[in-house]
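Chemist: here is a sequence together with a model predicted from it:
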Amino acid sequence: MAKVYTGRDGILQLSGTTLAKVVNFTLQANLETLETTTLGDSLRSYTPGVLGYSGSASLLYYKDDAGNINTTNLLNKLIKTGTGGVSSSETADLTLRWVDGTDQNDIRLTAYITSANIGASTGEITRAEISFVGTGALTTATIS
Amino acid sequence: MAFPTHKPTGRTFDAGDYTYKTFKAQSGKEVRILYGDKRTGMQLQLVYENVNDTAADDFVAHYDEVKGGFNTFVLPSAFRSGWNGNASAIDAATGNLWRYQSAPSITSVRPGISSVTVNLIGVL
């Protein structure tokens, strides 16, 4: 059946577990292009370079009935104690999903969280904003 | 093997000069003595960006063939690609041939793709 997807159909998962209170998420695929135009050419030409993925997500800062906060496992990739910084194993297994009944359209990738932003503002709901960049190939790409 | 016929993506030409010597008197008067009637020492830099590695290695093969900077050679017309002026204006002047001024420089850009820079000098 024909369907237009909306925000109601969107799900963001971390390591296969759906995150609560996700406001939005985006993913961008970027292909680097290397110019191969030579002297005398009138039109530019290119050869494909490296393909990469990046994106962002915004979540309400939310504590459930059990006392668990939905953003913990994302924010703690960057916001943490210790002097070790971020190790190469501290990746996030993210799944961006668009659901239509039992039909799931997924993009799954391994990513590093590159920025985490949280604050508090009078009269506003607290949100956590994260940005990420994918490392390696997509694990799943079933959106087409 | 002749110099590769790939079209460059960048080219810089320096016209060189005639051979002469300058003498300057204490008064400031300058005297110049011309030692030759041919312009020489022209310099040419050719850049080939984002070419296949198989094209990049052509330059090393040619560099080997002419024994590096030892032997001279002529350039194919492809090096003038995009130049609409007099062909001889950016080539080795009369009586000159090209030789390598330095070894071809290859920068790997990504797997299978490289950029090459070649520096040549015209000599009599």
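Modeler: Yep, that arrived. Residues are numbered from 1 along each chain as shown, chains lettered A, B, ... in the order given.

Chemist: make it CA atoms for all contacts and neighbour counts henceforth
Modeler: Fine.

Chemist: who's sitting farthest from the centroid in chain B?
Modeler: Here the centre of chain B is the reference, and by CA atoms, centre = their mean the most remote residue is B:Ser27, at 39.5 Å.

Chemist: interface residues of chain A facing chain B?
Modeler: By CA under 8 Å from any CA of the partner chain, the residues of chain A that approach chain B are A:34-41, A:47, A:49-50.

Chemist: quick one, helices of the chain?
Modeler: With no chain named, the answer covers chain A. Assigned by DSSP state H, chain A shows helices spanning A:72-75.

Chemist: let's do chain B instead
Modeler: Counting by DSSP H, the helices of chain B are B:53-65.

Chemist: which residue does it have closest to chain A?
Modeler: B:Gly82 (3.4 Å; CA to the nearest CA).

Chemist: what does the model give that residue for pLDDT?
Modeler: For B:Gly82, the pLDDT comes out at 93.

Chemist: which of the residues of chain A next to chain B sit farthest apart?
Modeler: A:Gly40 and A:Val50 (26.9 Å; CA to CA).

Chemist: dihedrals phi and psi, the residue farthest from the centre of chain B?
Modeler: Backbone dihedrals for B:Ser27, given as degrees, to the nearest 10, come out at phi -70, psi -10.

Chemist: okay, now B:Gly15: neighbour count?
Modeler: Rather than Gly, residue B:15 is Ala. Neighbourhood size, B:Ala15 [other CA atoms under 10 Å in any protein chain shown]: 18.

Chemist: pull the number of nearby residues for the closest residue to it other than its chain neighbours.
Modeler: For B:Ala15, the nearest residue in space outside its immediate sequence neighbours is B:Met42; the separation is 4.7 Å by CA to CA, 6 or more residues apart in numbering or on different chains. B:Met42: 22 surrounding residues under other CA under 10 Å.

Chemist: of A:Gly40 and A:Val50, give the one with the bigger neighbour count.
Modeler: The residue with more neighbours, out of A:Gly40 and A:Val50, is A:Gly40; 15 against 11, by other CA under 10 Å.

Chemist: ok, back up a step: which phi and psi does the closest residue to the residue of chain B closest to chain A other than its chain neighbours have?
Modeler: Closest residue to B:Gly82 apart from its sequence neighbours, by CA to CA, 6+ apart: A:Gly40 at 3.4 Å. Dihedral pair for A:Gly40: phi 100, psi -20, per degrees, to the nearest 10.

Chemist: show me where pLDDT drops low in chain A?
Modeler: A:144 (pLDDT under 70).

Chemist: which parts of chain B sit against chain A?
Modeler: Residues of chain B lying near chain A (CA under 8 Å from any CA): B:7-10, B:49-51, B:81-83, B:110.

Chemist: 10 Å instead?
Modeler: Neighbours of chain A within chain B, by CA under 10 Å from any CA of the partner chain: B:6-11, B:47-52, B:78-84, B:109-111, B:113.

Chemist: so the nearest residue to A:Gln104 once chain neighbours are set aside versus B:Leu97, what's the distance?
Modeler: Distances taken as CA to CA, 6+ apart place A:Trp98 nearest to A:Gln104, at 6.0 Å, with adjacent residues excluded. Going from A:Trp98 to B:Leu97 by CA to CA, to the nearest Å gives 66 Å.
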